[in-house]
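Visitor: next one to model:
(3 chains)
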Amino acid sequence: MKSLSTFSVRRVGLALAAPVLALAFAVVVTSAILIGTGHAPLDAFGWMWAYGTAPDSIVLTINLAVGYYLAAVAVAIGFRMNLFNIGVDGQYRLAALVAAGVAGAIHLAPILSVAITVVVAMGVGALWAAIAGYLKVKRGVSEVISTIMLNYIANAVIGYLLVPGKLAVNVTGSEGVGTKVIPASGQVPGLAIIGGAQTKVYGLVVLAILVGGGYWFLLSRTRFGFDLRATGRSETAAVASGVNVKRMVIISLLLSGGIAGLIGIPNLLGESYSYSQNFPAGIGFTGISVALLGRNHPLGIAFGALLWAFLDNARQILDLHQVSKEVVTIMQATAVLSVVVAYELVRRYSISRQQRDVAQTLEAREVTV
Amino acid sequence: MELRGITKRFPGVVANHDIDITVRAGTVHAIVGENGAGKSTLMKTLFGMHKPDEGTIAVNGQQVTFSSPADAIAEGVGMVHQHFQLADNLTVTENVVLGMEPTSRGFLSFGAARTRIRELGRQYGLEVDPDALVEELGVGDRQRVEILKVLYRGARILILDEPTAVLVPQEVNELFGALRELKGQGLTVIFISHKLDEVLSVADAVTVIRGGTTVATIDPEVTSARQLAELMVGSELPSPATGESTVTDVDVLRVENLCLVSADGRSLLEGISFTIHKGEVLGIAGVEGNGQAELVEAVMGMRQAATGTVDLGGSDMSSWTTRRRREAGIGYIPEDRSRYGLLLDAPLWENRILGHQTERPNSKGLLIDAAGAKADAQRIVDEYDVRTPSIDVAASALSGGNQQKLIVGREMSGEPQLLIAAHPTRGVDVGAQAAIWDLLRAARSRGLAVLLVSADLDELIGLSDTLRVILRGRLVASADPATVTPEELGSAMTGAGAAA
Amino acid sequence: MTSDLKASAAALPIAVRTRSLLADKRTRPLVLLGLVLVVFSVVRVATGANELTSAGTLEAALALSIPLGLAGLGGLWAERAGVVNIGLEGMMIMGTWGAGWAGSTYGPWQGLAAGVAFGAIGGLMHAVATVTFGVDHIVSGVAINLLGLGITQFLAVQVLHNPTQSGEIPSMGTFTVPLLPGWFASIGAHHWFAVSDLANVLFAIVDKPAYFTVMAVALLPISYFVLWRTAFGLRLRACGEAPYAAETLGVNVYKYKYLAVIASGALAGFGGAFLAIWSGFYHDGQTQGYGFIGLAAMIFGNWRPAGLAVGAGLFGYTNGLQLRSPPAVHALLLVLVIALAAYSAWLLYRRRWTSGGISAVCTLLVLWWFLKTHELEQHIVSATPYVTTLLVLALASQRLRPPAADGIPYRRGQGK
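Guide: Presented below is the predicted three-dimensional model:
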């Protein structure tokens, strides 16, 4: 039994080594750039820390992270079976638009109204993703290309729907258009859980927690999750084991798109109450990075989402100090590229280490026999 | 060519140590050893695919160091790999000239190369159309291309790694004819094999490797296969022969008029019909690529048959999914275990679940029962003698033989009615081979029906109760394993003549 | 009466001859191009949408096809060596910025060189991740896209002191082709069936082509010759088909993969530079996903240069048409109807009743759409190139043959 625990413990240790190494490397690269452009890295990081840990910043970070987390889970479901849903961005924006239109039009009991909004958003996201699933399963089109094209097509559809007379109305006091403001019955109140903050955490942070828990349970405890992971590890072996891969592609894209549909909802029902051209965009792409950083693990993704949101938020202070805040983008990108390299290196090391251990244990056993 | 004290270590294992071999010029020198004895490692060393940690290599008396295959090629050493190293989408000529392409004014110019390939083909009896795409060639032709590649480079020393593994006896004879031709023209051939009869018939000298080192070099004129076997494994080679027939008249699998068509409309299987009874082993013989793999996949439901029925124990399962077929009691040992049989990155206990996701003790309802799967994985490890320190190590950490024993153990769990075994002992060591044969025999006597596909004709003849021959997607002949010889079977496999 | 008979008697051998020309591999592309030209002429005459084949539309189409084609060529180089390059978009972004910065500071030629160099740096990073470290090619490509964007945004602020755009890049200069442009223009102005359309195509090609346009177009045959007619190209392709086979013949697979991916980045960088120099400046978001569409064009072209050119031309054309003349996009629906009808007929002729039936229904639906509407909503028009990409891939994907080892990580000495 001792050997059992050593193998498991080492696995966890190795899993943590990769992101730590990658983040350290990203910090080094960023520091080098800062020094190269005449700034003291420690000062810059210090300002960011001070700004980013103020109570209101923490609320902002959490609220940003909620969207990032949902996006990353949506991406991760695909990643776990080697399916690249690059189209989360289009899926969530289209879903948020339609959900906003529906939520603005209905007047029902509060819980019911929110439930309908959530279901509509998930349905739209899932349907948009299903197009890519259909094309892959029936027509053999790589989901990488089709989901990217669907992002651009989603832009066009949103432009088409977001005009007065369709889903939008003229917004009073501005030149833009947006969907009808969601009535109070359809809104979700914020939570004042961060002491000293003027602002509130989205009530639907609960949604992210539920999705994270559900994702963990589905992947590691259910037969479906086993089939999904088996497909990701070896599609051929999965087919031979009785997994219907085409069905899995459709189901996981539906799930992925459904969760993608949720990305905009905490913001929609907790802050903006309307979908307009100002609605946050690009979260789907951030989700890809966060999923890679967190190695598709529910806790890893949570950490990645919070870190990413913290950086996005805290970098705002850099402009005040005449440091261009885009340096943080480079830091994030470096972290992602180096983390995937680090995971690969750790994987190789872990395999050769295990092979060595197996050989040594068996040799030792033969000697004692 | 002379090897002195070659030692090669890999993380945790010493694959070769103190290898000493002297190969005389103009001879066929065989190197024999069982799977896992270190032959492949030695070959890679000889061909510069990795460097030895200790020891020296000399060619024609000159000490050499190979740090890449290019160095070996420059010294006139060429290698014909066991797994063909060919690009399917390129022509024969392109495959042959790759790495030393003839050009004129910077552009490729194949004219002279084509002529040279034709010449070499005529000279050594290795004729192939230089303009054919490799994907259109059969196994024998592919091997010719491999040898032509080496000859085109002007190699004087040819290393052939298990060249007969995928050939039928007639093709083996043709190959040996070519080898004698090469020898006659002064070339040196190093011939790696574990098939002792072949080795004794073609080699001028035989070196035996065991446990990673050379144990003896013998003269084939005065040595018997039995003596050689004892040198090779320290005891007599295991035999696949089964005892008394346990065949009953209860049908387990009945396949009728099965046809399969590829996506682009080619016919892969045509009118396949056979029945396997309880306690019967039905062997399918055939040259690789004649539809065996497709037949197995069609019975498993991994490919959708165009017409025909597949019936298991009285229920028509033609429209069933793979999963449902497995649940109905089909065990499956796939031919390529690393691609079809295992999740290499996953721990052994998760591999216990693979293929049996819906069965106890692996799952309860829709949930995975990790504790149950772990306990049962431990049982398989103990019962089937899978040598591993823990069920938490990744499958990729185990040797081929131990991986295969895990698969066999897994597929025998849950009392299947039918076992589909494709090349069940390919690439495993003698110990594991004997163990797997024992398991198959025991299961057969308990009433298991087995569909056996193998390229090893001795295995096929030894284990089977009934033999069928597959050629171009059709079952063309049957044979009685009690009387048929490998040569007769070989003729039937190539369509040259009907077996008994 | 007699002339009718003569015409139909003459038509029969033409039909037969067309069929045999179609069957011949060498003449097939020309015949197909001719058919396309005729279809467009018919639609133009039938709808009166002269913009469909006007010189202006075709010039815009050519200019828009080139960056796509360059990105596609970048994809071709990498994938022929077995490395999937979804990072083309990021490399292109780096190319636009490099060209914007160096172009506005030093001049257009320096801008082009800088664009190519920046793209090549992106390619190098992708090569390090995928070839040396064996990272999944898609994952690495996604990360490169992110990094390309991050670096350019940072550099824009740091170097250009303007986060969104660069200063003006001077024009590069053009070739002057004697006489021909005038002739073609005058023939084109007559709107004669087929003849004027062909003249417009030729006019778009010979009318004052910019130096870098000619260079970009030349890269297509150059790539073909390098990849298919030289020893270097054979080795590179062997690395994409069977890297372990190449390895056993002494080919340094790492070297070829590196060179291929760097060349891939350089070509994408050229594409980005083209965009910036053509517009006269760099701006944020200039690439609009051209890297991805270029990759799609390459897939559509079955990993071959000529096919890729057709793909890039198709997407460039739809994009050019929707930019130059949105109303004419409506006429494209009729082209779609004809194409779908032909496809349905072919399916039915091959006795594939179900797919043929579905296809025929689609034909009728699009025809109905065409007849019911007079113009298309602007947002739908803007989606045309992307929808075209999807449709074409959906129709073509199953007949494609990617390099056998495309996207599979390679490690020396790990072959069987």
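Visitor: quick one: end-to-end distance for stretch C:122-131.
Guide: Distance between the boundary residues of stretch C:122-131 (CA to CA, to the nearest Å) amounts to 14 Å.
Visitor: buried residues in that stretch?
Guide: C:G122, C:G123, C:L124, C:M125, C:H126, C:A127, C:V128, C:A129, C:T130, C:V131 (16 or more other CB atoms under 10 Å in any protein chain shown). Using the backbone N, CA and C atoms, a C-beta is placed for each residue, glycine as well.
Visitor: among the residues you listed, which are in strands?
Guide: The strands, defined by DSSP state E, take in nothing from these.
Visitor: mark which of the residues you listed are part of helices, please.
Guide: Within the buried residues of stretch C:122-131, residues falling in helices by DSSP state H are C:G122, C:G123, C:L124, C:M125, C:H126, C:A127.
Visitor: mind checking pLDDT for the closest residue to the second one other than its chain neighbours?
Guide: The shortest distance from C:G123 to any residue other than its chain neighbours is 2.0 Å, reached at C:G265 (CB to CB, 6 or more residues apart in numbering or on different chains). Per-residue pLDDT puts C:G265 at 97.
Visitor: isn't C:G265 up against C:G119?
Guide: Yes. In this structure, C:G265 is within contact of C:G119 by CB atoms under 8 Å, at 4.5 Å.
Visitor: what is in contact with those two at once?
Guide: C:G74, C:M91 (CB atoms under 8 Å, 6 or more residues apart in numbering or on different chains).
Visitor: wait, B:D456 touches B:T425, no?
Guide: Yes. Counting by CB under 8 Å, B:D456 touches B:T425, with 7.1 Å between them.
Visitor: show me which of these two is the more surrounded one.
Guide: Under the criterion of other CB atoms under 10 Å in any protein chain shown, the comparison of B:D456 against B:T425 puts B:T425 first, with 26 against 18.
Visitor: about what we covered before: what strand or helix carries the residue nearest to C:G123?
Guide: Assigned by DSSP states H and E, C:G265 belongs to helix C:253-279.
Visitor: list the buried ones in that helix?
Guide: Applying 16+ other CB under 10 Å to helix C:253-279 flags C:253-254, C:256-279 as buried.
Visitor: next one: stretch B:204-215
Guide: Using 16+ other CB under 10 Å as the test for burial, stretch B:204-215 gives B:D204, B:A205, B:V206, B:T207, B:V208, B:I209, B:R210, B:G212, B:T213, B:T214.
Visitor: out of the ones in helices among the buried residues of stretch C:122-131, which comes closest to B:H194?
Guide: C:A127 (40.9 Å; CB to CB).
Visitor: what's the spacing between the nearest residue to the closest one once chain neighbours are set aside and chain B?
Guide: Using CB to CB, 6+ apart and skipping residues adjacent in sequence, the residue nearest C:A127 is C:V261, 4.0 Å away. To chain B, C:V261 is 20 Å away according to CB to the nearest CB, to the nearest Å.
Visitor: contacts only, for C:V261.
Guide: C:W77, C:A78, C:A81, C:V83, C:N85, C:G123, C:L124, C:H126, C:A127, C:T130, C:V131.
Visitor: now do 10 Å
Guide: By CB atoms under 10 Å, 6 or more residues apart in numbering or on different chains, the contact set of C:V261 is C:74, C:77-79, C:81-83, C:85, C:87, C:91, C:120, C:122-131, C:137.
Visitor: picking up where we left off before, got any residues that touch both of B:D456 and B:T425?
Guide: With CB under 10 Å, 6+ apart as the test, B:D456 and B:T425 both reach B:P240, B:Q433, B:L463.
Visitor: tell me the buried residues within those.
Guide: The buried subset of the shared contacts of B:D456 and B:T425 (16+ other CB under 10 Å) comprises B:P240, B:Q433, B:L463.
Visitor: reformat those residues as CSV; add distance to B:D369, pLDDT and secondary structure.
Guide: What follows is those, written out as CSV (distance: CB to CB, whole Å; pLDDT from 0 to 100; DSSP: H, G, I helix; E, B strand; the rest coil):
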residue, distance to B:D369, pLDDT, secondary structure
B:P240, 37, 75, coil
B:Q433, 33, 86, helix
B:L463, 35, 89, helix
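Visitor: which one of the residues you listed sits closest to chain C?
Guide: B:Q433 (19.6 Å; CB to the nearest CB).
Visitor: what distance do you get for the nearest residue to the closest one once chain neighbours are set aside to chain C?
Guide: Once flanking residues are discounted, B:Q433 sits nearest to B:T425: 4.4 Å by CB to CB, 6+ apart. B:T425 is 18 Å from chain C, where distance means CB to the nearest CB.
Visitor: what residues are up against B:T425?
Guide: B:T425 neighbours (CB under 10 Å, 6+ apart): B:35, B:238, B:240, B:333, B:401, B:404, B:408, B:432-437, B:440, B:454, B:456, B:459, B:463.
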